[in-house]
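Peer 1: got a predicted model here, sequence first, then my questions.
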Amino acid sequence: MREEVTMNSIDPQQVEREAHRAQANREELVERIARAIRQDGGVEPLKDLHLYRTSSPTELHSVSNPAFCVIAQGSKEVFLANERYQYDPAHYLLYTAELPVVTQVTEASPERPYLSLRLDLDPTLVGSVMVEAGQSSPRSHADVRAINISSLDAGLLDAVVRLVRLIDTPTEARGLAPLVTREIIYRLLLGKQSDRLHHIAVLGGYTSPIARAIERLRKEFDRSLRIDDIAREIGMSVSGFHHHFKAVTAMSPLQFQKQMRLQEARRLMLGEHLDAASAGYRVGYDDASHFNREYKRLFGLPPLRDVERLRAAARENGGPGAD
């Protein structure tokens with residue numbers, strides 16, 4: 001009887017109206033991002049709001065920030081160690097820590113370019129919204145992976161569209177954008193990724209042992225670090241440290257450090273025009289042949305050929321966006 005009442009209480013017209021509203025919002029989001037960024041690349045029209053456009057499939061190695069990411073048009077895959085996350089306009093992605101990731105835009109063309117946005121999430125702001133909502137403690141104390149994907153519901157999509165609309169009204173944006181951002185965080189807090197959102201506040205505040213370890217490895221990736229020493233400094237056993245670190249980052253501490261090193265070397269060669277030997281030495285490799293082997297293992301090509309390929313792709317595409 002209860003199931004019958006529930007079914008009868010559903011208003012088909014209301015469901016249809018909600019579906020039409022969601023479709024209109026998706027179309028508006030595509031139109032507004034395409035208008036705000038007319039060439040391939042990325043822009044930041046409002047504080048912490050980044051828009052991206054690319055007209056062809058691309059691959060990018062980068063370091064994530066704590067952020068809420070939405071695709072308006074196209075699709076993307078994100079790889080963290082050996083794990084793969086695929087999302088599209090029906091889903092959103094949430095990062096909760098700075099992680100070395102590989103992103104691949106899998107659906108994009110000049111006629112239907114990939115369009116997306118990234119909203120950086122300040123840990124202090126996330127914590128403030130949690131306190132106001134009376135949810136300052138997570139529902140689960142289990143280790144939480146620092147990345148995941150969930151369905152983009154109509155209410156969250158509506159808030160995203162209202163934030164993007166403010167690009168056209170800078171005066172209103174100064175007062176309203178922070179309020180809409182708080183609404184987005186609140187809606188995330190009500191959803192399936194609530195525990196992961198708590199993770200942002202904890203990691204961002206550097207109050208957890210794993211957060212302190214991530215921060216140290218991120219900042220001191222070019223130094224020789226003993227994992228035993230880090231585990232002792234944060235008050236954990238070596239085995240416990242490995243377990244909890246991998247639960248959050250999907251990789252061991254040494255794998256994390258290696259990927260941070262190699263991505264920085266790539267940035268130095270591309271951005272500062274260092275040669276491979278100099279870049280490798282700068283990030284902590286004393287042996288050039290060892291650096292070349294590890295670089296090829298991660299990026300698929302030796303350093304020189306990889307950088308030449310990236311520069312050629314940048315000239316052709318005008319520099320693809322990262323999210």
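Peer 2: Happy to help now that I have it. Numbers count the residues shown, from 1 in each chain.
Peer 1: OK, contacts around G74?
Peer 2: D88, V105, T106, E107, A108, R112, P113, Y114, L115, S116 (Cβ atoms under 8 Å, 6 or more residues apart in numbering). Bear in mind the C-beta positions are built from the backbone N, C-alpha and C, glycine included.
Peer 1: typo on my end, L225
Peer 2: Neighbours of L225 in contact, by Cβ under 8 Å, 6+ apart: R216, L217, Q257.
Peer 1: so what touches the one helix or strand Q14 maps to?
Peer 2: Secondary structure from DSSP states H and E places Q14 in helix 12-36. Surrounding helix 12-36, the residues in contact under the criterion Cβ under 8 Å, 6+ apart are 43, 45, 51, 53, 70, 72-73, 89, 113, 115-117, 154, 157-158, 160-161, 164-165, 167-168.
Peer 1: from the residues you listed, which ones fall inside helices?
Peer 2: Cross-referencing the contacts of helix 12-36 against helices under DSSP state H gives A154, L157, D158, V160, V161, V164, R165.
Peer 1: what's the neighbour count on the closest residue to the last one other than its chain neighbours?
Peer 2: With sequence-adjacent residues excluded and distances taken as Cβ to Cβ, 6 or more residues apart in numbering, R165 is closest to R32, at 6.8 Å. Burial of R32 is recorded as 19 neighbouring residues (other Cβ atoms under 10 Å).
Peer 1: hey, where'd the strands end up in the stretch 51-200 of the chain?
Peer 2: 58-63, 67-73, 75-80, 83-87, 91-95, 100-107, 114-120, 147-151 (DSSP state E, counting those that start in this stretch).
Peer 1: nearest to F299, of those?
Peer 2: Of all these, strand 58-63 sits nearest to F299, with 6.8 Å by Cβ to Cβ.
Peer 1: give the buried residues for that closest one.
Peer 2: T58, E59, H61, S62, V63 (16 or more other Cβ atoms under 10 Å).
Peer 1: got the domain ranges for this protein?
Peer 2: 2-203, 206-317 (automatic domain parsing).
Peer 1: pLDDT wise, what is D122 at?
Peer 2: D122 is assigned a pLDDT of 88 by the prediction.
Peer 1: wait, it sits on D48?
Peer 2: Yes. Applying Cβ atoms under 8 Å, one finds D122 in contact with D48, separated by 7.2 Å.
Peer 1: G284 - that's part of a helix, no?
Peer 2: No. Using DSSP: H, G, I helix; E, B strand; the rest coil, the assignment for G284 is coil, not a helix.
Peer 1: which strand residues bridge Y92?
Peer 2: Beta bridges link Y92 to V70, S150 when assigned by DSSP bridges.
Peer 1: separation between it and Y281?
Peer 2: Per Cβ to Cβ, to the nearest Å, Y92 is found 40 Å from Y281.
Peer 1: got it, and E31?
Peer 2: 49 Å.
Peer 1: so which of these two has more stuff around it?
Peer 2: Counted by other Cβ under 10 Å, E31 and Y281 do not tie: Y281 has more neighbours, with 17 against 14.
Peer 1: which SSE is the more buried one in?
Peer 2: Going by DSSP H and E, Y281 is in helix 276-282.
Peer 1: what residues does that helix touch?
Peer 2: Against helix 276-282 from outside (Cβ under 8 Å, 6+ apart): 222, 264-266, 268-269, 274, 288, 291-292, 295, 302-304.
Peer 1: where does the stretch 151-300 of the chain have low pLDDT?
Peer 2: Within the stretch 151-300 of the chain, the set of residues satisfying pLDDT under 70 comprises 202-208.
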